[in-house]
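Asks: The amino acid sequence is not available; the structure is as follows:
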(Lines give C-alpha, C1' and ligand atoms only; values in the text may rest on other atoms or scores of the structure.)
Protein backbone atom coordinates (compact mmCIF):
# COMPACT_ATOMS: atom_id res chain seq x y z
CA UNK A 1 0.00 0.00 0.00
CA UNK A 2 1.25 3.48 -0.87
CA UNK A 3 2.47 5.60 2.06
CA UNK A 4 0.06 8.37 1.10
CA UNK A 5 -2.92 6.00 1.32
CA UNK A 6 -2.06 4.67 4.76
CA UNK A 7 -4.12 6.23 7.50
CA UNK A 8 -2.68 7.97 10.54
CA UNK A 9 -4.09 5.13 12.64
CA UNK A 10 -2.19 2.54 10.58
CA UNK A 11 1.05 4.50 10.86
CA UNK A 12 0.68 4.90 14.62
CA UNK A 13 -0.07 1.21 15.07
CA UNK A 14 2.97 0.33 12.95
CA UNK A 15 5.10 2.69 15.05
CA UNK A 16 3.81 1.04 18.23
CA UNK A 17 5.02 -2.23 16.73
CA UNK A 18 8.52 -0.85 16.25
CA UNK A 19 8.56 0.73 12.77
CA UNK A 20 10.24 4.11 13.29
CA UNK A 21 10.01 5.06 9.63
CA UNK A 22 6.22 5.05 9.85
CA UNK A 23 6.35 7.62 12.64
CA UNK A 24 8.70 9.72 10.52
CA UNK A 25 6.12 9.54 7.72
CA UNK A 26 3.41 10.64 10.13
CA UNK A 27 5.54 13.59 11.28
CA UNK A 28 6.30 14.59 7.68
CA UNK A 29 2.55 14.74 6.93
CA UNK A 30 1.92 17.39 9.55
CA UNK A 31 5.22 19.05 10.34
CA UNK A 32 4.67 22.09 8.15
CA UNK A 33 1.18 22.77 9.50
CA UNK A 34 2.25 22.39 13.14
CA UNK A 35 5.49 24.34 12.67
CA UNK A 36 3.69 27.23 10.94
CA UNK A 37 1.06 27.30 13.65
CA UNK A 38 3.65 27.49 16.44
CA UNK A 39 5.72 30.10 14.59
CA UNK A 40 2.64 32.24 13.99
CA UNK A 41 2.25 32.47 17.75
CA UNK A 42 5.83 32.80 19.00
CA UNK A 43 7.49 34.68 16.09
CA UNK A 44 10.93 33.30 16.96
CA UNK A 45 12.57 30.53 14.89
CA UNK A 46 14.70 29.10 17.70
CA UNK A 47 11.81 29.06 20.16
CA UNK A 48 9.55 27.60 17.47
CA UNK A 49 12.10 24.85 16.78
CA UNK A 50 12.24 24.02 20.50
CA UNK A 51 8.46 23.92 20.91
CA UNK A 52 8.06 21.92 17.69
CA UNK A 53 10.60 19.36 18.92
CA UNK A 54 9.01 19.23 22.38
CA UNK A 55 5.64 18.66 20.74
CA UNK A 56 6.80 15.47 19.06
CA UNK A 57 8.68 14.32 22.15
CA UNK A 58 5.36 14.54 24.01
CA UNK A 59 3.56 12.81 21.15
CA UNK A 60 6.06 9.93 21.28
CA UNK A 61 5.82 9.63 25.08
CA UNK A 62 2.03 9.62 24.94
CA UNK A 63 1.92 6.96 22.22
CA UNK A 64 4.56 4.79 23.95
CA UNK A 65 2.73 5.06 27.27
CA UNK A 66 -0.43 3.78 25.55
CA UNK A 67 -2.31 6.98 26.40
CA UNK A 68 -3.10 7.98 22.81
CA UNK A 69 -6.43 6.62 21.63
CA UNK A 70 -6.84 7.11 17.91
CA UNK A 71 -10.14 8.52 16.82
CA UNK A 72 -8.91 9.62 13.41
CA UNK A 73 -7.74 12.92 14.84
CA UNK A 74 -3.97 12.74 15.12
CA UNK A 75 -3.47 16.29 13.85
CA UNK A 76 -5.83 17.71 16.49
CA UNK A 77 -3.99 15.71 19.16
CA UNK A 78 -0.58 17.00 18.01
CA UNK A 79 -1.85 20.58 17.60
CA UNK A 80 -3.33 20.51 21.11
CA UNK A 81 0.06 19.51 22.51
CA UNK A 82 1.77 22.29 20.51
CA UNK A 83 -0.87 24.77 21.69
CA UNK A 84 -0.38 23.80 25.33
CA UNK A 85 3.40 24.14 25.03
CA UNK A 86 3.04 27.62 23.53
CA UNK A 87 0.66 28.67 26.32
CA UNK A 88 3.06 27.21 28.91
CA UNK A 89 5.89 29.25 27.38
CA UNK A 90 3.87 32.48 27.53
CA UNK A 91 2.79 31.77 31.08
CA UNK A 92 6.40 31.21 32.15
CA UNK A 93 7.40 34.43 30.42
CA UNK A 94 4.32 36.18 31.80
CA UNK A 95 3.81 37.68 28.34
CA UNK A 96 0.14 37.15 27.68
CA UNK A 97 -1.07 40.59 26.53
CA UNK A 98 -4.58 41.76 27.32
CA UNK A 99 -6.76 44.12 25.30
CA UNK A 100 -10.08 45.33 26.68
CA UNK A 101 -13.15 44.53 24.64
CA UNK A 102 -16.20 46.56 23.66
CA UNK A 103 -19.70 45.47 22.73
CA UNK A 104 -19.36 46.17 18.98
CA UNK A 105 -18.55 43.47 16.45
CA UNK A 106 -17.23 43.82 12.91
CA UNK A 107 -15.83 41.21 10.56
CA UNK A 108 -12.89 42.70 8.66
CA UNK A 109 -12.30 39.47 6.77
CA UNK A 110 -15.71 39.57 5.07
CA UNK A 111 -15.14 43.15 3.91
CA UNK A 112 -11.97 42.61 1.88
CA UNK A 113 -12.17 43.72 -1.76
CA UNK A 114 -12.31 41.03 -4.46
CA UNK A 115 -11.25 42.99 -7.58
CA UNK A 116 -7.76 42.95 -9.11
CA UNK A 117 -5.90 45.93 -7.64
CA UNK A 118 -4.08 48.61 -9.62
CA UNK A 119 -0.56 49.55 -8.47
CA UNK A 120 -2.00 52.20 -6.16
CA UNK A 121 -4.69 49.86 -4.87
CA UNK A 122 -2.03 47.18 -4.38
CA UNK A 123 0.00 49.56 -2.23
CA UNK A 124 -3.10 50.41 -0.21
CA UNK A 125 -3.98 46.74 0.23
CA UNK A 126 -0.39 45.96 1.29
CA UNK A 127 -0.58 48.74 3.91
CA UNK A 128 -3.95 47.48 5.16
CA UNK A 129 -2.56 43.94 5.46
CA UNK A 130 0.49 45.25 7.31
CA UNK A 131 -1.67 47.30 9.68
CA UNK A 132 -3.98 44.34 10.26
CA UNK A 133 -1.04 41.98 10.98
CA UNK A 134 0.30 44.49 13.51
CA UNK A 135 -3.09 44.73 15.19
CA UNK A 136 -3.48 40.95 15.26
CA UNK A 137 -0.09 40.69 17.01
CA UNK A 138 -1.47 42.89 19.80
CA UNK A 139 -4.41 40.58 20.51
CA UNK A 140 -4.33 38.28 23.54
CA UNK A 141 -2.76 34.93 22.62
CA UNK A 142 -6.04 33.01 22.94
CA UNK A 143 -7.85 35.39 20.58
CA UNK A 144 -4.96 35.55 18.10
CA UNK A 145 -4.77 31.78 18.04
CA UNK A 146 -8.48 31.26 17.29
CA UNK A 147 -8.35 33.93 14.59
CA UNK A 148 -5.38 32.28 12.89
CA UNK A 149 -6.80 28.77 13.09
CA UNK A 150 -10.10 29.96 11.65
CA UNK A 151 -8.75 32.26 8.93
CA UNK A 152 -5.38 30.77 7.92
CA UNK A 153 -5.88 27.10 8.76
CA UNK A 154 -9.56 27.16 7.67
CA UNK A 155 -10.61 25.08 10.66
CA UNK A 156 -14.15 24.77 11.97
CA UNK A 157 -14.94 26.07 15.44
CA UNK A 158 -15.34 22.45 16.58
CA UNK A 159 -11.80 21.65 15.40
CA UNK A 160 -10.51 24.83 17.04
CA UNK A 161 -12.27 23.90 20.28
CA UNK A 162 -10.67 20.42 20.17
CA UNK A 163 -7.19 21.79 19.49
CA UNK A 164 -7.34 24.50 22.14
CA UNK A 165 -9.11 22.22 24.62
CA UNK A 166 -12.04 24.60 25.21
CA UNK A 167 -15.76 24.50 24.44
CA UNK A 168 -17.10 25.57 21.06
CA UNK A 169 -18.78 28.54 22.75
CA UNK A 170 -15.43 29.65 24.21
CA UNK A 171 -13.79 29.37 20.77
CA UNK A 172 -16.65 31.39 19.24
CA UNK A 173 -16.37 33.95 22.03
CA UNK A 174 -12.63 34.33 21.51
CA UNK A 175 -13.18 34.91 17.79
CA UNK A 176 -15.85 37.50 18.53
CA UNK A 177 -13.65 39.34 21.03
CA UNK A 178 -10.73 39.20 18.60
CA UNK A 179 -12.83 40.98 15.99
CA UNK A 180 -14.13 43.48 18.56
CA UNK A 181 -10.59 44.19 19.73
CA UNK A 182 -9.31 44.63 16.17
CA UNK A 183 -12.02 47.19 15.49
CA UNK A 184 -11.36 49.04 18.74
CA UNK A 185 -7.59 49.13 18.18
CA UNK A 186 -8.12 50.31 14.59
CA UNK A 187 -10.34 53.15 15.82
CA UNK A 188 -8.00 54.15 18.66
CA UNK A 189 -5.01 54.20 16.31
CA UNK A 190 -6.97 55.84 13.48
CA UNK A 191 -6.25 52.92 11.13
CA UNK A 192 -8.55 52.32 8.19
CA UNK A 193 -8.84 48.64 7.28
CA UNK A 194 -10.83 49.20 4.09
CA UNK A 195 -10.18 51.17 0.91
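Replies: Nice, I can see it. Keep in mind it's a predicted model, so treat the numbers as computed, not measured.

Asks: if I pick residue 155, what's in contact with it?
Replies: In this structure, residue 155 makes contact with 149, 163, judged by CB atoms under 8 Å, 6 or more residues apart in numbering. The C-beta positions use only the backbone N, C-alpha and C, and glycine is treated the same way.

Asks: domain assignment for this protein?
Replies: Following automatic domain parsing, one gets these domains for the chain: 3-93, 109-188.

Asks: what comes up buried for whichever helix in the chain runs longest?
Replies: Residue-count comparison of every helix in the chain, with assignments taken from DSSP state H, identifies helix 20-42 as the longest. Neighbour counts using 16 or more other CB atoms under 10 Å place 22-23, 25-27, 29-30, 34-35, 37-42 of helix 20-42 among the buried residues.

Asks: how near is the closest residue to residue 152 other than its chain neighbours to residue 19?
Replies: Computed as CB to CB, 6 or more residues apart in numbering, the closest residue to residue 152 that is not its neighbour in sequence is residue 40, at 7.2 Å. Taking CB to CB, to the nearest Å as the measure, residue 40 falls 32 Å from residue 19.

Asks: how much space between residue 58 and residue 67?
Replies: Using CB to CB, one obtains 10 Å as the distance from residue 58 to residue 67.

Asks: Neighbour count: these two, which is higher?
Replies: Taking other CB atoms under 10 Å, residue 58 and residue 67 do not tie; residue 58 has more neighbours (16 against 8).

Asks: quick one: what helix or strand has that one in it?
Replies: Assigned by DSSP states H and E, residue 58 belongs to helix 45-64.

Asks: Show me which parts of that helix are buried, residue by residue.
Replies: Along helix 45-64, the positions that meet the burial threshold by neighbour count (16+ other CB under 10 Å) are 47, 48, 51, 52, 54, 55, 56, 58, 59, 63.

Asks: Tell me the one of the residues you listed nearest residue 131?
Replies: The shortest separation between residue 131 and any of those is 24.4 Å, and it belongs to residue 48 (by CB to CB).

Asks: number of nearby residues for residue 13?
Replies: Using other CB under 10 Å, residue 13 is surrounded by 15 other residues.

Asks: What helix or strand is it located in?
Replies: Since the elements are taken from DSSP H and E, residue 13 ends up inside helix 8-16.

Asks: Give me the residues contacting that helix.
Replies: Applying CB under 8 Å, 6+ apart, the contact partners of helix 8-16 are 22, 23, 25, 26, 29, 63, 64, 68, 70, 72, 74, 75.

Asks: How about the contacts made by the closest residue to the last one other than its chain neighbours?
Replies: Nearest-residue entry for residue 75: residue 30, 5.4 Å, with adjacent residues in sequence omitted and distances by CB to CB, 6+ apart. Contact criterion CB under 8 Å, 6+ apart gives 74, 75, 78 as the residues in contact with residue 30.

Asks: Centre of the chain to stretch 73-89, how far?
Replies: Mean-position distance between stretch 73-89 and its chain equals 10 Å (CA atoms, centre = their mean, to the nearest Å).
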